[in-house]
Structure formats: structure tokens, C-alpha cells
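Engineer: structure, please.
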Amino acid sequence: MSSGTPVELPSALRKRRMRPSATSKRNQAFVVSLLTLCATLSIATTVGIVTILLTESFGFFSRIDLGDFLLGTEWTIGRSKNEADYKYGIWPLLLGTLRITLIAMAIAIPLGLTTAVYLSEYAPRWVRSILKPVLEILAGMPTVVLGYFAVVVITPSLLEPLGFKPYNAMSAGIAVGILCLPLVSSLAEDALQAVPRGLREAAYGLGGTRFDSVVKVVIPAAMSGIVSAFLLAFARAIGETMIVALAAGSIPTFTVDPRGPSQTMTGFIVEVFQSEDVIPGTIAYYSIYAVALTLFLLTFITTLIGQFVRRRYREAYE
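Structural biologist: Numbering: from 1, shown residues only. Below you'll find the model as predicted:
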């Protein structure tokens, strides 16, 4: 064979253009149609919820003064049966929600981040294989169980000896913090694990210790994921219902003192829905949707902030 003669490859090694069969085309069309249907249902559900909140809330805002709702410091809807005596300032419910949420974050964020750093950077593999499932089990615990735990354990054993009332914001905040702890630790640990090993080795090569590597390299590199975990836990705490309904009480208070009772926006919605005195078409009935709309906007703003932080501080590695 001369050197100029091209070598012909066996037929099994020749490059052939893959042509999908009729069956694969039908399967692909079915999967695409199914995914499109799921996406459409998700969008339609969201639009439907927002539409209901806006239309039903109009029955409330068309009867009250918007300035009193946004700036008022007293809320009596659900506690007074006479509409003429209604006070509808949203701040007692809003402060109750934020007070419990901030207490929960003061517990969940430092403990969750510390747990995540330990699992990602210090824990042996066998310890991580045990602690990680335990945290996942804690995340799946029913919230009504945590609410009952707050009422029968946290309040009488820890808080009442310190002068706290039987129903208080601190007890509910601690229970919500326990609820959010696995969420923060799991997501933050995933963000730390996503940091390339080469960055850690570079820190060691420059003479840094493991602590230096964690504090000055790994955590800053995973900051976008960590902040996203914090904001997701914040949104989860804002929307919590059963724990606050059981442990925080049902009195809306315009105060930052965590020792007394507190009512959140979700707690108010539950209380009014359970009341037999609330009749559709009344201000009390429409107030449910007004409070729900406020809660939706607060959660939506938190989500937008999380998206901004994730995109702004996201680190990309090759």
C-alpha cells in the first residue's frame, strides 16, 4: 500500500449521523409536552393566587383608609365584633412577625453556619454520614410538634422563671429557629462543598492554617450560597403558622419586647378563619386577604433580594 492511499476504516468505526427513530421522536414530543404543561400549571397557579389576593383585598382597601393601614399602631379586627370599633393598623401584626423571625434567625444563622463549616471542613466522613441524616430528620419534623414542644418545654422550663408570660414571642422564636436550623446548615454546607479543592490547597500553600482557609477563602467564595440560605430561612420563618399560633399567643402588640404575647400575620389568618363570627363580605373577612397580600409582598421582596445577592456575588469556577 502506498503512502498516498487513504486508509479505509472498518464500517463499525465510521462516523455516522444518528437519526432518531419515530418512537424516540414521539417520546421526546411527549416529554416536552408534559414539561410544558407542568410549567404552565405552575404559572397559572401563581397567577390565580395573586389574582384572588388582589380581588379579595380590594374589598378591604375600598372600605378603609390606606394611611391608617400602613401607619396605624393598633389592630382590633378579630377581637372586636363591632365594625365601628375596628382598628386596622398593620404594624402590630408586622412587628409580631418580624420579632419572632429575627429571634429565629439569631438562633438559626450562627448555629447553622457553624454546623455547616464543621460538617464541610472538619468533621470526619463517618461523623458527617451520621449528622447529615439527623439534620434532615429534624428538618422533616412536623411544625405542630415543635409548637407543642415550645409550649410544654421551652416556656415553662426556660422562660417563665425569667419573668416571661405563658405565651410569648421568645418561645415561638426559639422553636422557629430550631425549625430553620437544618435548612441553614444543609444549604450552607452544600455551598461550602461546592468551593473547589484547589482554593483550599492554595491557601495551605501560602502558609495558612485550616482555620485561615475556612475564614479567608472558603466562606467568602461560598458567600452567595450562604446568603441565599439565610434569606430562604428568613422567608420560611416569616411564613411559619403552627408554631406561632400555639406558642406566641393571639394578642397583636405594638412592641419589641419578646417577653409578652405576640400575634403574627399568619397567626391572625388562622384565628380569623377558625372564628364562626366572620361572615363573607365583611371587613373582617376581607382583612384576611389584605394581611395575606402583605405577607405575600414581604416574602416576594425577600425572594428578590435573595436573587440579587445570588447573581451579584456568585463565583464561577472552571
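
Engineer: where do the helices sit along the stretch 1-150 of the chain?
Structural biologist: Per DSSP state H, counting those that start in this stretch, the stretch 1-150 of the chain carries helices over the ranges 22-61, 66-71, 91-117, 125-139, 143-149.

Engineer: with distance to residue 198 as extra columns, can I get those in a markdown table?
Structural biologist: Quick note: C-beta positions are derived from backbone N, CA and C, even for glycine. Output for the helices of the stretch 1-150 of the chain, formatted as a markdown table (distance: least, C-beta to C-beta, whole Å):
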| stretch | distance to residue 198 |
| --- | --- |
| helix 22-61 | 36 |
| helix 66-71 | 52 |
| helix 91-117 | 19 |
| helix 125-139 | 20 |
| helix 143-149 | 41 |
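
Engineer: for residue 298, which of those helices is the nearest?
Structural biologist: Closest approach to residue 298 among these is made by helix 91-117 (7.8 Å; C-beta to C-beta).

Engineer: got the buried residues for the closest one?
Structural biologist: 91-105, 107-109, 111-113, 115-117 (16 or more other C-beta atoms under 10 Å).

Engineer: and the residue nearest the centre of the chain, how far from residue 246?
Structural biologist: Residue closest to the average C-alpha location in the chain (C-alpha atoms, centre = their mean): residue 236, at 3.0 Å. Distance, residue 236 to residue 246, using C-beta to C-beta, to the nearest Å: 17 Å.

Engineer: now do residue 225
Structural biologist: Relative to residue 246, and taking C-beta to C-beta, residue 225 is found at 33 Å.

Engineer: and for residue 168?
Structural biologist: Counting by C-beta to C-beta, the gap from residue 168 to residue 246 is 12 Å.

Engineer: tell me which of the two has more neighbours.
Structural biologist: Neighbour tally, residue 168 and residue 246, criterion other C-beta atoms under 10 Å: the higher count belongs to residue 168, 26 against 22.

Engineer: pretty sure the more buried one sits against residue 249.
Structural biologist: Yes: the pair residue 168 and residue 249 passes the contact test of C-beta atoms under 8 Å, sitting 7.2 Å apart.

Engineer: shared neighbours of the two, which are they?
Structural biologist: Taking C-beta atoms under 8 Å, 6 or more residues apart in numbering as the contact rule, residue 168 and residue 249 both touch 260, 261, 262.

Engineer: out of the residues you listed, which are buried?
Structural biologist: So, by 16+ other C-beta under 10 Å, the buried ones in those are 260, 261, 262.

Engineer: contacting residues for the nearest residue to the second one once chain neighbours are set aside?
Structural biologist: Looking back up the chat, that one is residue 261. Leaving aside its chain neighbours, residue 261 sits nearest to residue 249 (2.9 Å; criterion: C-beta to C-beta, 6 or more residues apart in numbering). Taking C-beta under 8 Å, 6+ apart as the contact definition, residue 249 lies against 165, 167, 168, 260, 261, 262, 263.

Engineer: over to residue 88?
Structural biologist: Shown in contact with residue 88 (C-beta under 8 Å, 6+ apart): 64, 68, 69, 72, 75, 76, 77, 283, 287.

Engineer: okay, and the beta partners of it?
Structural biologist: For residue 88, the beta-bridge assignment (DSSP bridges) gives partners residue 75.

Engineer: how much space between it and residue 113?
Structural biologist: In terms of C-beta to C-beta, residue 88 sits 39 Å off from residue 113.

Engineer: next up, phi/psi of the nearest residue to residue 312 once chain neighbours are set aside, please.
Structural biologist: Sequence neighbours aside, residue 224 is the residue nearest to residue 312 in space, at 7.7 Å (criterion: C-beta to C-beta, 6+ apart). Main-chain dihedrals, residue 224, degrees, to the nearest 10: phi -60, psi -40.

Engineer: re earlier: list just the nearest of the contacts of residue 249 to residue 60.
Structural biologist: residue 263 (17.9 Å).

Engineer: so how far is residue 248 from that closest one?
Structural biologist: 7 Å.

Engineer: identify the contacts common to these two.
Structural biologist: Contacts common to residue 263 and residue 248, judged by C-beta under 8 Å, 6+ apart, are residue 96.

Engineer: circling back: looking at the buried ones among the shared contacts of residue 168 and residue 249, which is nearest residue 130?
Structural biologist: Distances from residue 130 to those, taken by C-beta to C-beta, are shortest for residue 262, at 36.9 Å.

Engineer: got phi/psi on the closest one?
Structural biologist: Torsion angles, degrees, to the nearest 10, at residue 262: phi -150, psi 150.

Engineer: ok, it touching residue 254?
Structural biologist: No: using C-beta under 8 Å, residue 262 is not in contact with residue 254; the gap is 10.2 Å.

Engineer: in a helix, residue 303, correct?
Structural biologist: Yes: with DSSP: H, G, I helix; E, B strand; the rest coil as the criterion, residue 303 is located in a helix.
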